[in-house]
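A.B. asks: fold the stuff below for me.
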Amino acid sequence: MDFEDCPELEELSLKYVGLVCHTRYGNKNCICIEGPLKINDFWVNVKVMCPNYPVLEGVTMHIIQNFKVETFTPANSKINCNWTVGELIDNIPYVINRLKKCEDESHVPKLENQNIYAEIAGLYLPAEYEIQTNESCSRVRFCNFSQSEQHYLDVALPSLQLLDHSLPKCIDVPELLGKATSLTALLQQFRKILDDLSPFYENFAEIDELCHVVQPSLPTTKENWRLFVLKERVFIKLQFSDPFSPLTSMSVHLIGPTTEVTNLRRVYSEGLRDWDNELDVHKNLLRIFDLCFFPMSPTDDTDINDLGYCNICYSYKLDRGEIPIISCDNSHCNLIFHAECLKEWFNTLADGKTFLDVAFGTCPFCKSKLSTSFQELLEI
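C.D. replies: Below you'll find the model as predicted:
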């Protein structure tokens, strides 16, 4: 709204930064003032409809209190029609406390113990996390947690409905947070979950940094698995089915040419006997496969042609980010395929079959007989 002819509204918007003033129905005398604001030591979310500005005749004020919208008018509250709009905003604590009839005025509940916006103000701890709200103050996000900058929690206001979060998809987060009866309790429970998940995220940290992770194409805090390069044409799929207990729920699958993978599975099985619980998963896998390091991610200027494209669909990356990694068992055939494309190919073969998650058929190009297990890639 243009405040040039309304200095009172301009002063009001500067005094209470969260408020927005605008006209209604194209009538400059019918204004609406809405938004969150802090008065004394508490927050409210307010919407004032003033049809006869600048006088308060016919004014209606809506305030979110106790998780409900309450309506205040001169008829049901102590709103004084002789006030200016600014005085009405300044007197919101007076108006609210006088609406409820109490025999003993000293027992009128304090608004800071009733209003969720006061609770948000009390939770403000910039050294530990950030608090963000949308323009209508109907959604709050806690984010940039200390030691966990990628994490966030989105909650609807004032219902406390969980809208979004950064935790693993395999966790039933609504169930874990469902018992929280206040925003404070909800945030405390979320931060406790982050602490409990520290080992889970720490085990992925070095893999994401020091390995060539091919799937997910852009790993986030929500995935509980990684597929990364062990050696040429051989990949490791690491998964924690229970993020709260990563080591006891860990599974490792090797994907690549059958003969080579068979040998590597034996190496892995034998190496598990010397697993060192003092080391993270990345270092233990290096020890098991007798490596100093796993292959690193290619540089940003690496040509896609150098990485290889699928020899069935002739593309490098599918819609979900999958890249071609399945190779033929024939050591003289260097072609690679997307798991999904190879599955479709096997389904077209008259003599193709699947047994115990292993697909049997022939290579699309060299026609050599091959057997390959890529079911793990199709289920992620």
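A.B. asks: what about the stretch 101-250 of the chain, any weak spots by pLDDT?
C.D. replies: For the stretch 101-250 of the chain, residues meeting the criterion pLDDT under 70 lie at 101-115.
A.B. asks: now with 80?
C.D. replies: 101-118, 135-136, 178-179, 217, 233 (pLDDT under 80).
A.B. asks: how about the strands in it?
C.D. replies: 130-133, 139-145, 148-156, 162-165, 213-215, 225-231, 234-240, 250-255 (DSSP state E, counting those that start in this stretch).
A.B. asks: quick check, distance from the second one to the centre of its chain.
C.D. replies: Distance, stretch centre to chain centre, for strand 139-145: 10 Å (C-alpha atoms, centre = their mean, to the nearest Å).
A.B. asks: between that strand and strand 148-156, how many degrees?
C.D. replies: For strand 139-145 against strand 148-156, the angle by axes from the mean of the first three to the mean of the last three C-alpha atoms, to 10 degrees is 170 degrees.
A.B. asks: for V17, what are its contacts?
C.D. replies: Neighbour list for V17: empty [criterion: C-beta atoms under 8 Å, 6 or more residues apart in numbering]. Every residue, glycine included, has its C-beta placed from N, CA and C.
A.B. asks: typed the wrong thing, it's Y124
C.D. replies: Applying C-beta under 8 Å, 6+ apart, the residues contacting Y124 are I131.
A.B. asks: turn the strands of the stretch 101-250 of the chain into a markdown table, columns for distance to C366.
C.D. replies: Below are the strands of the stretch 101-250 of the chain laid out as a markdown table (distance: least, C-beta to C-beta, whole Å):
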| stretch | distance to C366 |
| --- | --- |
| strand 130-133 | 56 |
| strand 139-145 | 52 |
| strand 148-156 | 44 |
| strand 162-165 | 48 |
| strand 213-215 | 24 |
| strand 225-231 | 22 |
| strand 234-240 | 19 |
| strand 250-255 | 20 |
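A.B. asks: turn these into TSV, including mean neighbour count and distance to E278.
C.D. replies: Rendered in TSV, the data for the strands of the stretch 101-250 of the chain read as follows (neighbours: other C-beta atoms under 10 Å; distance: least, C-beta to C-beta, whole Å):
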stretch	mean neighbour count	distance to E278
strand 130-133	14	35
strand 139-145	19	27
strand 148-156	18	24
strand 162-165	16	32
strand 213-215	20	24
strand 225-231	20	22
strand 234-240	20	18
strand 250-255	17	16
